[in-house]
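[1] let's see this in three dimensions:
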Amino acid sequence: MVLKRKVYQKLLNWKNTSNGTSVLLIKGARRVGKSFICEQFGKNEYKSMIIVDFGNIAKEIKDIFENESAELDLLFAKLSAFYNTRLYKRESLIVFDEVQQFPRARQLLKYLVADGRYDYIETGSLLSIKQNVQDIIIPSEEEEIEVYPMDFEEFLWALNDENTAPLLLSCFEQKKPLGQVLHRKIMNDFRQYLLVGGMPQPVLEYIKDKDFSAADAVKKRILSLYRNDIAKYAGGYKNKVTAIFDSLPGQLSRKEKKYKLSSIGKNARLRSYEDAFMWLSDGMIVNPCFNATDPGVGLAMSGDHTTQKIYMADTGLLITHAFKDNDYSDNELYRAILLDKLHINEGMLIENAAAQMLKCGGHRLFFYSRVDNNNRKNTIEIDFLIAKKGKICPIEVKSSEYSTHSSLDKFTKKFSAKLGESYILYTKDVMIKDNITHLPVYMAMFL
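    Numbers count the residues shown, from 1 in each chain. Here you go, the predicted model:
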């Protein structure tokens, strides 16, 4: 089965507008489907394609790039011969896969684009860390897009359902309830999405036989790959990256989800861990969320990078990571989700999924936290903030049984002049109450 991905349209837009004047750089975590989408795109949209995999490159090809890149006619002839693929002017695509493994090839693209014969796409992860950009000039011709794990709509497509998402969008736009029967059915699908996640390989394994154990086995392999990458590429701070990575489920399971370095070591300080946080973020393994201390003047302008929450980029991987030493059938979260027994305030999954969907929707992640230790009544905690049409929209994630939203009320009063619509994400149907839009969590993808 071929998975349908939204990013395909972005590649098509690049091809039609660039017409060979730029190279497309596709960034994303390992195993998020970068190579797959390039292969699918090349087969569909070009007369021929060559994929140069720098993660597993033959010595002969490496020698070409190292010693003969100045002779473009010879370089193309040798690539064509080695891959047994004829290249056609303006009708062929050359993909530099995992280009971070060979930075010199990335620098060469400036001259390949100027030559103008073919189209070029790069894929990679960890493209900003020092060892992957050292001693090279980054081509100004690069256009960059990011690939995230499959969102809920793409997951529905994988389940052969292309009708539900348009209906959900209509209900979202009209603030119209779906009705209990339909809502219950979609929540069942969403629970499957939480368990499987959005990484393409686990999704493919799951949809074969609706087997969670098969998907879980693939997710364990992906997590092992991440650990191997940390050991191989994180340099002198690999132990710190590993410590943060291993602590993520425990950090997110706490009611107060701001990341506490003291959980790693009582003497741990942010300045000595900054590179480790950056490594995980650059590898798109995590989604950092920063405290916007004064959202009245803009989110990014008031972002406090010393206070952050760290979400995993894929909620399915988070579940497997939390119980990596157990079989999926012994996983308490699997049972809780499948049996609809999950209490959001005791867990981490719905909030992580909301962060994942907001990030995929193009938002930088911010939250708001003001703690008054002398008077708890003055404390305000808002899970997420997004900007829409020049206004700040607060988002709270709640359990279905919640009774109050005091932080949201206090935030609304404090920032009323800059406030847009307020949202509560929960597991019930669409509802407008107390001037707050209540949305089922699966509608976070429309925010």
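[2] tell me how far the one helix or strand residue 221 maps to lies from the chain's centre.
    For residue 221, the host element (DSSP states H and E) is helix 212-233. The chain centroid and the centroid of helix 212-233 are separated by 16 Å under Cα atoms, centre = their mean, to the nearest Å.
[3] my guess is residue 78 contacts residue 65, does it?
    No - shown here, residue 78 and residue 65 do not form a contact pair, counting by Cβ atoms under 8 Å, at 10.0 Å. Placement of C-beta: from N, CA and C, glycine included.
[4] picking that back up, so which bits of the helix holding residue 221 are buried?
    212, 214-216, 218-220, 222-223, 226-227, 229-230, 233 (16 or more other Cβ atoms under 10 Å).
[5] save those residues as JSON lines, and put in pLDDT and distance to residue 140 too.
    As requested, the buried residues of helix 212-233 are exported to JSON lines (pLDDT from 0 to 100; distance: Cβ to Cβ, whole Å):
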{"residue": "212", "pLDDT": "88", "distance to residue 140": "46"}
{"residue": "214", "pLDDT": "91", "distance to residue 140": "45"}
{"residue": "215", "pLDDT": "93", "distance to residue 140": "41"}
{"residue": "216", "pLDDT": "92", "distance to residue 140": "44"}
{"residue": "218", "pLDDT": "95", "distance to residue 140": "38"}
{"residue": "219", "pLDDT": "96", "distance to residue 140": "38"}
{"residue": "220", "pLDDT": "94", "distance to residue 140": "41"}
{"residue": "222", "pLDDT": "97", "distance to residue 140": "34"}
{"residue": "223", "pLDDT": "96", "distance to residue 140": "36"}
{"residue": "226", "pLDDT": "95", "distance to residue 140": "31"}
{"residue": "227", "pLDDT": "94", "distance to residue 140": "35"}
{"residue": "229", "pLDDT": "91", "distance to residue 140": "28"}
{"residue": "230", "pLDDT": "92", "distance to residue 140": "31"}
{"residue": "233", "pLDDT": "85", "distance to residue 140": "26"}
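[6] closest one of those to residue 309?
    For these, the residue nearest residue 309 by Cβ to Cβ is residue 226; the value is 19.6 Å.
[7] burial check on the residue nearest to that closest one when sequence neighbours are not counted, number of neighbours?
    In space, and not counting its chain neighbours, residue 226 is closest to residue 285: 5.9 Å by Cβ to Cβ, 6 or more residues apart in numbering. Look at residue 285: counted by other Cβ atoms under 10 Å, it has 27 neighbours.
[8] residues contacting residue 285?
    With contacts taken as Cβ atoms under 8 Å, 6 or more residues apart in numbering, residue 285 has the following neighbours: 29, 226, 245, 312, 313.
[9] ok, the first one - contacts?
    Okay, so that is residue 29. By Cβ under 8 Å, 6+ apart, the contact list for residue 29 reads 125, 149, 283, 284, 285, 313, 314.
[10] any idea which helix or strand carries residue 251?
    Counting by DSSP H and E, the element that carries residue 251 is helix 238-253.
[11] should've said residue 355
    Residue 355 is located in helix 349-360, with elements delineated by DSSP H and E.
[12] if we can go back for a sec, can I get the contacts of residue 285 in a markdown table with distance to residue 239?
    Below are these laid out as a markdown table (distance: Cβ to Cβ, whole Å):
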| residue | distance to residue 239 |
| --- | --- |
| 29 | 21 |
| 226 | 15 |
| 245 | 11 |
| 312 | 20 |
| 313 | 22 |
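[13] ok, of those, which one's closest to residue 409?
    Of all those, the one sitting nearest residue 409 is residue 312; the distance, using Cβ to Cβ, is 30.5 Å.
[14] quickly list what the closest one is bridged to.
    Taking DSSP bridges, one obtains residue 286 as the residues bridged to residue 312.
[15] show me the contact partners of the one helix or strand residue 73 maps to.
    For residue 73, the element it lies in under DSSP H and E is helix 72-82. Around helix 72-82, the neighbours that count as contacts under Cβ under 8 Å, 6+ apart are 50, 52, 58, 60-61, 64-65, 68-69, 85-87, 94, 111-112, 115, 117-118.
[16] closest to the centroid, which residue in this structure?
    By Cα atoms, centre = their mean, the mean C-alpha position of the chain lies nearest to residue 148, the distance being 3.8 Å.
[17] hmm, residue 27 and it touching each other?
    No - counting by Cβ under 8 Å, residue 27 is not a contact partner of residue 148; they are 10.0 Å apart.
[18] shared neighbours of the two, anything?
    Residues touching both residue 148 and residue 27 by Cβ under 8 Å, 6+ apart: residue 284.
[19] quick one, what contacts the nearest residue to residue 41 once chain neighbours are set aside?
    Residue nearest to residue 41 in three dimensions, not counting chain neighbours: residue 11, with 4.9 Å by Cβ to Cβ, 6+ apart. When the contact criterion is Cβ under 8 Å, 6+ apart, the partners of residue 11 are 24, 26, 37, 38, 41, 45, 121, 145.
[20] next structured bit after the strand or helix carrying the fourth one?
    When you say that, I think you mean residue 38. The secondary structure element spanning residue 38 is helix 34-45 (assigned by DSSP H and E). Downstream of helix 34-45, the first helix or strand assigned by DSSP H and E is strand 48-53.
[21] partners of that following strand, with directions?
    Strands flanking strand 48-53 in the sheet, each with its direction: strand 92-97 (parallel) (DSSP bridges).
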